[in-house]
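Novice: can't give you the sequence, but here's the structure:
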């Protein structure tokens, strides 16, 4: 683990919802942060023994190695459908998935939107790092216009591929979802040189918890985490945080897009 | 007893219903039955041909290749006449088919099913106007006649059968259909052939 | 006559058979000619007449439906879906994952005609796809072939038993004819064995976790898992082949046919025997595992003329030739496009084999 990552990953102590297996996530990747936030929420809510994680396809495909809960593998993009299958026969269980942007907003967009439209009582965490990470840096549905990827070597061109997909707005466009939120997860530059704020992680911790609470109350919960992928963006870790703040944050504005049960106010 | 039948006509004539009722009648009689609907993509106007096999023994193939009995509800249905086994029975809806069959080894019964049904207007539910829709039930009665079903037993079975199939909005049409079966039976009921 | 005597379409009978085996969940995507299965189950779900039947849900796609089956099956529930050819292709994604994760489930394919959209008539052209496993990666398959409406009702119970015993998806391969055919039947008893598999993902108990995954990134891990699946396939092949024989004892020509074709063959046998031709029938009930040993014994006992009847261009005939291993004259007759061969076709083909 790099020195930079050690500074930014909150020290939250031993969590029973973590297996203790070191993650495969790259230094500076928010997947590791989110894994810990999820474990923290599961511990705090004491739901570990009735939670079934659905593993998606993408960088989070191995999340069941790190999170100490039951898990089921979904075909690429189908995690919301698998979760719906679980909840329809076992409404007493809690279920969640960590999906990537390709999984949720490209190959699995139908499954996400239909689960949202039905208001399935499930929890979807979307890690949007604007690129296909696990497959090695190809264009994602959320790749900004102009970003160079291995499948858009001259930069993403809207006339050919259309503009980036905003999954949060799509989900919030349906009537049934109870909780829709977008969080900017990376540490963010401040006006003071070399000083970054970690508000995203604190906001994220609360949002993860809310997303489980909303599911407990029968609602569909969706939280998008705007994240970085310094390796595939071919930037240094801190440059990637800055790029995310400068380019992704305006493109994917953080905020509460739906809060039917009023969990944010408490 | 084993009887292999083809019921044919066009969509909208209630051919599938007629074949289904016929099969269900034999089911109620405790027999093995196989009913194969076959139809084109259109709900109305397409060609319809159904196989009905009724037997005291288990049925091997549900496909009727050499029918004992053909119900021809329209002119194209007469295409199946060559399949009838010698001595078989042809029941023709003479409301639509005027020509006779080009075979002399068959028993042919002509039933003006639509005209007979049209005469039963008084049994229509309120607001309905066209009683000729019960032509398929007239044919069912005629069929019971030619196959020698006991009229009282057939009538009792038909009561149960219509209560089973004509439910909800269709329930108002039970009296019309029961009388249509009666009219068909009355036409051919005294001239049964042995099974 | 009992209350359980019924007159039903094959598709309806299959739905009731599934309900009577204690079905917990059905995830639907309608496609002709299988739609009476979800329609019947939707009606019974609304009537709440089967307490174990907790979930009926129409999905947005075949992919979503099979993925929902995966979720329900992962909790140990009896879950199923049904489809027809074009939808069966889409189901292959989920079947591969389910087989890789070793999840029991029941899939019904009411085979329609032709590649692409084809038409709504009967064919048996999904034989290869179903028996070989149309999904990626290689996995065991169990495929049951009903030949009548009573068997459409009976096979869900057999299917779920095998699925839970071997922890693998089971396919009922029917066809448009059997789906639409109405016959009299006695519905199977309401017998709802409850499986409470210890592997089900229903929450970790202390240190005991249930992780159902088809991902094995370490080559040695995947190799171990693939060998395990192969061993399972071999165990199924040794223990579960099922077949039925009819008039084979003295047969000089034996039809090999499954599903509706077995019914056609029975009539042809009657006609042939009336013409003093001794014909018989070997009917595979499990297409996978193929009852190869039993067929081999038949060949060894001198039944050396095999006439395969299929509604495709010749698929099962490959398995028959493999089983006969050169010991029999194996020929093929059939139809396609939604048509069925006539008795005359089968009689002529059988007589031609004897000339």
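Specialist: Alright, I've got the coordinates. Keep in mind that this is a model prediction, so the values were computed, not measured.
Novice: in the chain, which helix has the most residues?
Specialist: All of this is about chain A. helix A:199-216 (DSSP state H).
Novice: that answer is for a different chain, and I need it for chain C
Specialist: helix C:219-239.
Novice: other SSEs contacting that helix?
Specialist: Secondary-structure packing of helix C:219-239 (3 or more C-beta pairs under 8 Å, 6 or more residues apart in numbering or on different chains; DSSP states H and E): helix C:85-101, helix C:149-166. In short, each C-beta sits where N, CA and C put it, glycine included.
Novice: how about those helices, which one is nearest chain B?
Specialist: Nearest of the helices and strands packed on helix C:219-239 to chain B, taken as C-beta to the nearest C-beta: helix C:149-166 at 8.2 Å.
Novice: and the helix or strand just after that closest one, anywhere near chain B?
Specialist: With elements assigned by DSSP states H and E, the helix or strand that comes after helix C:149-166 is strand C:169-175. No. Residues of strand C:169-175 contacting chain B under C-beta under 8 Å from any C-beta of the partner chain: none, with a closest distance of 12.5 Å.
Novice: Return the distance of the very next helix or strand once past strand C:169-175 from the chain's centre.
Specialist: Downstream of strand C:169-175, the first helix or strand assigned by DSSP H and E is helix C:176-180. In terms of C-alpha atoms, centre = their mean, to the nearest Å, the centre of helix C:176-180 is set 14 Å apart from its chain centre.
Novice: quick one: contacts for residue 55?
Specialist: Unless you meant another one, I'm taking chain A. By C-beta atoms under 8 Å, 6 or more residues apart in numbering or on different chains, the contact set of residue A:55 is A:61, A:62, A:63, A:64, A:71, A:72, A:73, A:74, A:79, A:97, C:213, C:215.
Novice: Switch to chain B, please.
Specialist: By C-beta under 8 Å, 6+ apart, the neighbours of residue B:55 are B:1, B:2, B:3, B:31, B:32, B:33.
Novice: In TSV: these, plus secondary structure and neighbour count.
Specialist: Listed next are the contacts of residue B:55 as TSV, based on DSSP: H, G, I helix; E, B strand; the rest coil; neighbours: other C-beta atoms under 10 Å in any protein chain shown:
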residue	secondary structure	neighbour count
B:1	coil	11
B:2	strand	13
B:3	strand	18
B:31	coil	19
B:32	strand	17
B:33	strand	23
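Novice: Confidence-wise, which of these comes last?
Specialist: Among the contacts of residue B:55, residue B:1 carries the lowest pLDDT, at 91.
Novice: gap between it and chain A?
Specialist: The gap separating residue B:1 from chain A is 48 Å, by C-beta to the nearest C-beta, to the nearest Å.
Novice: Most neighbours out of the contacts of residue A:55, which is it?
Specialist: The most crowded member of the contacts of residue A:55, judged by other C-beta atoms under 10 Å in any protein chain shown, is residue A:79 (34 neighbours).
Novice: Next up, the contacts around the residue of the stretch 1-150 of chain A found nearest chain C.
Specialist: Closest residue of the stretch 1-150 of chain A to chain C, C-beta to the nearest C-beta: residue A:85 (2.4 Å). Counting by C-beta under 8 Å, 6+ apart, residue A:85 touches C:25, C:27, C:67, C:68, C:69, C:70, C:71, C:72, C:73, C:74, C:79.
Novice: Having no further points to raise, I will conclude here.
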